[in-house]
Every structure is written in C-alpha cells, then in structure tokens.
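Engineer: sequence and computational prediction follow.
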Amino acid sequence: MSFKRARAEQQSGGYGLDDAWVCDADRDLEVQAGANFRKLLLEKYTDGSFTAADTCLLAFFHTASGGIGAEDLGLAPEQASRHGSEHLRCHLRKEFSEPHVQWIKVPMNTKKSIGRHAPEPDVAKFLESDRTLGDLYEKHPDVSTLHDDLRLAIVDFKADWPAGWSQEVTILNGEMQKAIYRILVYRSKRGQALGRTLQQAFEPLGLPKGARLEPSAQVPDVGLFETLECPFVCQFYVGGPHGRVLHDSPFLKIPGVDLSTWCIDLLHSWHFGPLSTYVTVTLQHLLQSPIWKSSIPGLDKDENSKLSLMALKAELWTHYKNRRNRDPNWKKKGSEVWNLTLNMLSDKYLKAKAAETHGLLGFVLEMLQKHASTLSSTGTQQDQVRFQLLTHAGVSAEAFDGVLASHERKIDQSVAEDLFSHYNRFIVLCDRAGLPILPKAHLMYHCVQRSPAKGNPRLYTTYVDESYNGAIARVCRSVHRRGWALAVYRKLEMIEQMQAKAEDPS
C-alpha cells in the first residue's frame, strides 16, 4: 500500500477505497517496495545481523500486515525458531544456486608445533635492546652490508629465513638410517627442540645437535622413520631451540614460491606499525606538555590529563572540520576517529583502526607546528629537542605518504630511493626522539626495497581484504556448528549473487 493511499484510507475511514481505486503506478510502487524489503531481509540474513528465525518472523508479520515480496519466507512464530533455517534453505535454493564445494583431506599440525612460543632469556635480551643484535642480524643479507641505519630492530615474524632453518637430506642406505635412529630421541620439555630430535650431531649429513625430524612428503609421520625403505629424502629443522619459527612453511614448498613472492602489507607494517607508534607517543607527550595544561590549582595528574584530552579533542574536531572543507577527497573517503580516550593512548600503538590512525598524522603534525614556539621555550632542554625531532619526523612521514600517493603501480629505482630516504629519516629521527622501535619498522625497509619489483605498496594493501574478513566473520558467527562449513559457503554464495545482481540488474 502506498503512503498516499494509506493517508486517504485513514482520513476516510476506509470508505470507498476498494482495490479498483489503486492505480498502476501505486501497484508498481508496492511491487518495488516489496522487492526492496525482500532484498533488505536477505542482506541482513546473509551478513549475520538476523538469524533464520528472525528472518522468518519478520517475513511472516510483514505479509500478515498486507506487505508483499516475502510471502515464501514467512513462517509462523511457533515454527520459526525450530524450522527457520531449513525453511529458508529450501525456499532460497530456488533463487540462489548452491555453492560448489569439494571436500578434501588436508594434513594437520598440532597447536604446539605450529604456534610461536615466548623467547628464551638468551634471545629476549636482543629483543629488548635495539642496538645489540648479535650474529643473527649481522648475517642478514640486506642490513649492515648496505646501510648502517638499518640496525634498529630484530625481525620477529613467522617464516623469516625459513630456507636456512630447514635442511633436506637423503638417507642413502640402511646403515645411515640405523645410525640416525640410534641418536633420535623425543623431546617434550620447554626450551628444547620439541619433537624427535638428534641428541648429538650427525657429521656425514652436516646435521647439528638438536636438529628435529620434520614431517615431509616422503616422511609424513616422523615415528615411521626407522621403517621406511632406503633411499628416501627427509627434512630436519636446524633452527635450534631458540629459533622462533617452529616449523617449515608449506607455502614455500609450492614450486616457484619463495620469500620474494610474499608482499609486505602497508596497512599492518606502516599504519599499524611505526606510524601508529609515532602518533601515539607524540600525542602522549603533547598531553603532558603545558599547551593544554589547566590553570586550575590543586588538580592531580589524572584530572589534568582528562582536561588536556578534552582540549586536544576540541582541536581534533576543528581539524577534521577544516580538512573536510578544503579537501573534497577527505570529505568523501577520509576516516575519522569518533572518540579519543586516554586508554587508546596508553600503549606503544594507537588503539584505533588503521585508516583512522593514518588520518591522525596530519593533525599531529599540525599541532606540533602550531605550538612550536611554546614547545621550544618551555620544559626541559630534552623535551624541547624531542619535540623538534618529532616535528621533522612527521614531515618525513608526510613526504613518504606523498611519494606513495603521487605514483601509480609502477615505481622505478629513483622513486624507491626517495621512499627510502624519507622513511629512513623518519625512523632515525624517531629513534633519536626516544620512540620505541618495533619489529614492523624493519619490515618497511623490505617493503621499500621490493617496491621496484612489486610496485607501489599502496595498491596491494589489505584494506579490502580486512573488510571481507569482517563480513566473513559476521557470517561465521551467524551459523550453527552443525553443517557449519557448508552453511558459511552457502551464505557467501548468496552475498556474491546479490552483489552481482545489484551491479547488473538486467
């Protein structure tokens, strides 16, 4: 029923308004409204906002009140909670095709063997100190041999240098097999190489003490090592008990795939990395400075911090307003934080989304430049120098972003050198200002190093993938554990088909 007819019926008490009164235009509007309601209902159902019972109940009451478009989806209240899921599946399969799912068996790793454990005390001291990095850093091919300023943080992520942490050997005959079997023991204590390891070195194959036998194509079960027929190829993990990668990556076993195949993501390595640390620590220092300090006597530290934060947020909302007025692109796509709390600024990184963190860079630099005279004339000499270093670091960060934004996918060597110059200057200034340098700072050097081959990292970030992950997470939360995998694929298939239909209505 159109709004025009509903008003007329209400004013006249329904007198003389039969179905013949409805014109073709009203009928078309009713049909379109019914289609829009059905589309909204299915969108809420597929993204997990509505359960199957909710969807069936809404369709039932919508139809009972005179609405159209969802007659086949409705189910009475006493049946919706029990049969809603099966009811929707039976009716929606007429509209949406079933997903093509192929079930395969994959080998599994235990949680203990696939996870990452805390470093031993001998390794922890290298992680705490950024300047004493040991042989592990000295032997890195891209670090000290080229640039002294790269000696800032130890790389600490899964599958770094895995080629040097695993070794394939060929067991030629039974004598060699028996010799290795005699020195193979099971280790289960923390701090040791977990699994079936060598209790002493095996010189003929160059295997060190503590090398762990790993599952591989020819040795799927390490417990069957002594029963295999020679010759065969097996794999040993030689990273040692202090190695932070506990197993070989199966992706690196695919022909043509190596470390150069992997791309370093700008979202996690830059926006959630050193840039987030810079924004957070700088805002912390600004809150402690006399810029927004209250003149009310007798306030304690917490009350002063809260009042300073209120003044900072007032400056932030003004910054956002001015930026929307002068930058149409920011008005259209800019991501703004909806709130800023002391808890968000309490760690080494900002507790906000990546795009929101990236958008705060301009505000932080604006505050440093706006209050430069106050910051350079108050506080200790160390504070004055720190704010100057942070200001120049922010300029370098903006220049780095500017180079990325001004180029398309192709990046030549000269552009990569500009990126390296701006980023290296940013990291060095942050280090001198006393900011904590986290391992992601090192990853960005590799990102810049690979840009001539990989292209502009801005164009292969995982922003879109993260939004997909959010949609998939909502879908996964909305389905029952019984038939969970197939139900997830079914909803994702419906989402894809609805998006395709929206893009091409014909």
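Structural biologist: Received, thanks.
Engineer: for this protein, which residues score under the pLDDT cut-off?
Structural biologist: Where the chain drops to pLDDT under 70, the residues are 1-25, 104-165, 189-194, 240-250, 252-253, 505-506.
Engineer: where do the strands sit along it?
Structural biologist: Along the chain, the segments classed as strands by DSSP state E run 166-171, 184-187, 195-198, 212-214, 232-237.
Engineer: mind checking which of those is nearest Arg93?
Structural biologist: Closest to Arg93 of the strands of the chain, according to C-beta to C-beta: strand 212-214, at 45.0 Å. For every residue, glycine as well, the C-beta is placed using N, CA and C.
Engineer: adding distance to Arg324, write the strands of the chain out as a markdown table.
Structural biologist: Output for the strands of the chain, formatted as a markdown table (distance: least, C-beta to C-beta, whole Å):
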| stretch | distance to Arg324 |
| --- | --- |
| strand 166-171 | 53 |
| strand 184-187 | 60 |
| strand 195-198 | 57 |
| strand 212-214 | 56 |
| strand 232-237 | 54 |
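Engineer: switch those over to CSV; also include mean neighbour count and distance to Glu43.
Structural biologist: Shown next, in CSV, are the strands of the chain (neighbours: other C-beta atoms under 10 Å; distance: least, C-beta to C-beta, whole Å):
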stretch, mean neighbour count, distance to Glu43
strand 166-171, 17, 47
strand 184-187, 14, 53
strand 195-198, 20, 48
strand 212-214, 22, 46
strand 232-237, 20, 48
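Engineer: now for the ones you listed, which one comes closest to Ser451?
Structural biologist: Here strand 166-171 is closest among those (C-beta to C-beta), at 28.8 Å.
Engineer: tell me which residues are up against the closest one.
Structural biologist: 177, 180, 205-207, 211, 214, 216, 228, 230-239, 248 (C-beta atoms under 8 Å, 6 or more residues apart in numbering).
Engineer: recalculate using a threshold of 10 Å.
Structural biologist: With C-beta atoms under 10 Å, 6 or more residues apart in numbering as the test, strand 166-171 has contacts from 176-177, 179-181, 202, 204-208, 211-212, 214, 216, 218-219, 225, 228-239, 245, 247-249, 252.
Engineer: what of stretch 455-463?
Structural biologist: By C-beta under 10 Å, 6+ apart, the residues outside stretch 455-463 that reach it are 263-271, 335, 353-355, 401, 403-411, 415, 419, 444, 447-448, 450-451, 454, 468-469.
Engineer: quick check: buried residues in it?
Structural biologist: 455-458, 461, 463 (16 or more other C-beta atoms under 10 Å).
Engineer: just flag the most distant two among the residues you listed.
Structural biologist: Taking C-beta to C-beta, no two of those sit farther apart than Gly455 and Tyr463, at 16.1 Å.
Engineer: need the contact list for Gln79.
Structural biologist: 53, 56-57, 60, 87.
Engineer: please indicate which of the contacts of strand 166-171 are buried?
Structural biologist: Buried among the contacts of strand 166-171 (16+ other C-beta under 10 Å): 176-177, 180, 202, 205, 207, 211-212, 214, 216, 219, 225, 232, 234-239, 245, 247-249.
Engineer: hmm, Phe363 is touching Trp330, no?
Structural biologist: No - when contacts are counted by C-beta atoms under 10 Å, Phe363 is not listed as touching Trp330 (11.8 Å).
Engineer: which one of the two is surrounded by more residues?
Structural biologist: Phe363 (20 against 16; other C-beta atoms under 10 Å).
Engineer: tally of neighbours for the residue lying closest to the more buried one once chain neighbours are set aside?
Structural biologist: Nearest non-adjacent residue to Phe363, counting by C-beta to C-beta, 6 or more residues apart in numbering: His319, 4.7 Å away. The number of residues packed near His319 is 19, by other C-beta under 10 Å.
Engineer: and His319, what does it touch?
Structural biologist: Counted by C-beta under 10 Å, 6+ apart, His319 has contacts 336, 359-360, 362-364, 366-367, 370.
Engineer: so what's Thr380 up against?
Structural biologist: Arg386.
Engineer: tell me how far it lies from Phe202.
Structural biologist: 60 Å (C-beta to C-beta, to the nearest Å).
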